[in-house]
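Chemist: Below: sequence and its predicted model.
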Amino acid sequence: MQNADGLFGPLIIREPPEKDEHLGRYDVDQPEFTVLINDWFIDMMPGQLSSLLHRTGGVLSDSMLINGKGAYHKYMRDNTTVYTPYEVFNVQLGRRYRFRVITNSLNTCPILFSIDNHNLTVIASDGSPLEPYTIDSIVLYSGERYDIIVHTNQDVRSYWMRTSGMLLCGTFKAFQLAVVKYEGASDKEPEGNKEWNVDTHGIQLDPLNTKTTEGFVDISQLNSTLPNDESLKEELYSVHEVDAPFRRFTQQINHISTVFPPSPAQTQYSDIPSGLFCNEESMKANCTREFCQVIAMDKLNTSTTIEEVKALDAKGMIHRKLDKAPLKDSVMIHDGGFTVLRLHAKTQVFGSFIATSKHIPRWVWVLPYKLEHQVNSQKFRKKFPKCGPWKYEGYEEEGQETKDCPTNKESRVMLSFVVQFIMFCTIMLLY
């Protein structure tokens, strides 16, 4: 609601001249050529939201503002119709101006942007430089930023800068105007209509729901001036094709890597937000114990996938030893193979699987687990060390309050990463 009612503004971070590859393409880059566009509502947003929730109205944009200015209501002065003032951009003939155009629309409100009689040369989008591309108009979507060069090479007078909204901003034909005024021009308003208009001529960048043609250009057709990220090179897709000192590994179980919780789960479970736990099915606890029975193990190929193992199991091709299976707390998993474990979930409330690679001994994979319906009945020593010094003072009594220790509530116990290194193994959990 604060955003809709005007609590926002531009933040421009300029690179030093030696790093600005477009430096020679423009003459002027000053704060007064920042263009901040937003949709505007007659009523304050709390009232709009109340109408929406009570089904007595909706949230539709009435108009727009450019740098907080714009005409909407008519006023009478000396028998003349007047409006609140437009934003004015004062320019000089023959100069190249870098306009930084920012959109902050609350509604689903694509905005068509143009300047009468002037081309727009796009040189950056969302802070990333692009090869210069000249257009006549551009459709801006909420949150987008474009750096545009405008060459003031037209007759000395004033010209309309136009913004017209579409979709939810098109219901009431929300639009706004600003003035690009050449030095030496009169104070009269620019020529041309003052209406909502989404009909354009020439080349339009990023059109709304329009197939790319000669006159409509998608943003993906523009070229970045930045080199591609090294990780996108095909020869780097395989971890083994990168020199050892530069390889990136992520330790994963079911494509999830572990970050240890901010507090010990066994003794300070209440200090850990439940949302920090996740698994392959997202936010569901796994039930296991510290010892398990190995009832099947095999090597399939040099590599395998969990889908392949599941398919074999569905066909009954994985034999299980269900009688007198060996009890283990450590077990090998073949490279390109699988291991089936039988687990009895009845002891500790919390525990973890720990996997290590003998080829990379310094890497460890950790999978924490919690018994979903198990009650932690274990007693702990009084003033058990959550942080700071501690000395033994007996055991805590049930219901005794303890002082919580500050913890980082934002840490993730388990985080998913893009797969860069996959340990080809499968652990099938049977209950």
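Modeler: Looks like it came in fine. Numbers count the residues shown, from 1 in each chain.
Chemist: got any ranges where the protein has weak pLDDT?
Modeler: Confidence mapping of the chain against pLDDT under 70 gives the ranges 1, 231-260, 266-267, 274-303, 321-335, 342-431.
Chemist: Now tell me what touches stretch 72-88 from outside.
Modeler: Here stretch 72-88 makes contact (C-beta atoms under 8 Å, 6 or more residues apart in numbering) with 40, 62-63, 66-71, 177-179, 181. Yep, even glycine has a C-beta here, placed from its N, CA and C like the rest.
Chemist: Filter these down to the buried ones and express that as a ChimeraX selection.
Modeler: Selecting only the buried entries of the contacts of stretch 72-88 in ChimeraX, with 16 or more other C-beta atoms under 10 Å as the criterion:
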select :40,63,66,67,70,177,178,179,181
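Chemist: Strands - which of the contacts of stretch 72-88 land there?
Modeler: 40, 63, 66, 177, 178, 179, 181 (DSSP state E).
Chemist: now the second one, which residues is it bridged with?
Modeler: When bridges are taken as DSSP bridges, the partners of residue 63 come out as residue 40.
Chemist: you'd agree it is up against residue 69?
Modeler: No: using C-beta atoms under 8 Å, residue 63 is not in contact with residue 69, being 11.3 Å away.
Chemist: Next, find the distance separating residue 269 from residue 262.
Modeler: The gap separating residue 269 from residue 262 is 12 Å, by C-beta to C-beta, to the nearest Å.
Chemist: ok, those two, which is more surrounded?
Modeler: Neighbours per residue, other C-beta atoms under 10 Å: of residue 269 and residue 262, the larger number sits with residue 262, 19 against 15.
Chemist: is it fair to say that one lies in a strand?
Modeler: No: according to DSSP: H, G, I helix; E, B strand; the rest coil, residue 262 belongs to no strand; its state is coil.
Chemist: ok, it to residue 270 distance?
Modeler: 12 Å.
Chemist: Out of the contacts of stretch 72-88, which two are the most distant from each other?
Modeler: 62 and 181 (26.5 Å; C-beta to C-beta).
Chemist: Next, count neighbours for the residue nearest to residue 60 when sequence neighbours are not counted.
Modeler: Leaving aside its sequence neighbours, residue 60 sits nearest to residue 171 (C-beta to C-beta, 6 or more residues apart in numbering; 5.1 Å). Neighbours of residue 171 under the rule other C-beta under 10 Å: 14.
Chemist: just the one 3 residues further on next, same as before
Modeler: The number of residues packed near residue 174 is 26, by other C-beta under 10 Å.
Chemist: ok, it touching residue 62?
Modeler: Yes: Residue 174 lies in contact with residue 62 (C-beta under 8 Å); the separation is 6.3 Å.
Chemist: Need the overlap of contacts for these two.
Modeler: residue 40.
Chemist: now residue 129: how far from residue 215?
Modeler: When residue 129 is compared with residue 215 (using C-beta to C-beta), they lie 25 Å apart.
Chemist: Correct me if wrong, but residue 132 is in a strand.
Modeler: Yes: the assignment for residue 132 is a strand, going by three-state DSSP.
Chemist: Using PDB, write out the CA atom coordinates for stretch 97-111.
Modeler: The C-alpha trace of stretch 97-111 is given here as PDB (Å, rounded to 0.1, in the frame of the first residue of the first chain):
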ATOM      1  CA  TYR A  97      20.800  13.100 -23.600                       C
ATOM      2  CA  ARG A  98      20.900   9.900 -21.500                       C
ATOM      3  CA  PHE A  99      17.400   9.400 -20.100                       C
ATOM      4  CA  ARG A 100      17.100   6.800 -17.400                       C
ATOM      5  CA  VAL A 101      13.500   5.500 -17.600                       C
ATOM      6  CA  ILE A 102      12.100   3.600 -14.600                       C
ATOM      7  CA  THR A 103       8.600   2.100 -14.200                       C
ATOM      8  CA  ASN A 104       6.900   1.400 -10.900                       C
ATOM      9  CA  SER A 105       3.400   0.400 -11.700                       C
ATOM     10  CA  LEU A 106       1.300  -1.300  -9.000                       C
ATOM     11  CA  ASN A 107      -1.300  -2.800 -11.400                       C
ATOM     12  CA  THR A 108      -0.800  -5.100 -14.300                       C
ATOM     13  CA  CYS A 109       0.100  -2.100 -16.300                       C
ATOM     14  CA  PRO A 110       2.400  -2.300 -19.400                       C
ATOM     15  CA  ILE A 111       3.300   1.300 -20.400                       C
END
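Chemist: Return the set of buried residues in it.
Modeler: Neighbour-count burial for stretch 97-111 [16+ other C-beta under 10 Å]: 97-107, 109-111.
Chemist: repeat for stretch 20-37
Modeler: Under 16+ other C-beta under 10 Å, the buried positions of stretch 20-37 are 20, 22, 26, 28, 29, 33, 34, 35, 36, 37.
Chemist: First-to-last residue distance for that stretch?
Modeler: 25 Å (C-alpha to C-alpha, to the nearest Å).
Chemist: before we move on, what about stretch 10-28?
Modeler: 18 Å.
Chemist: With stretch 88-97 instead?
Modeler: Start-to-end, stretch 88-97 (C-alpha to C-alpha) is 14 Å.
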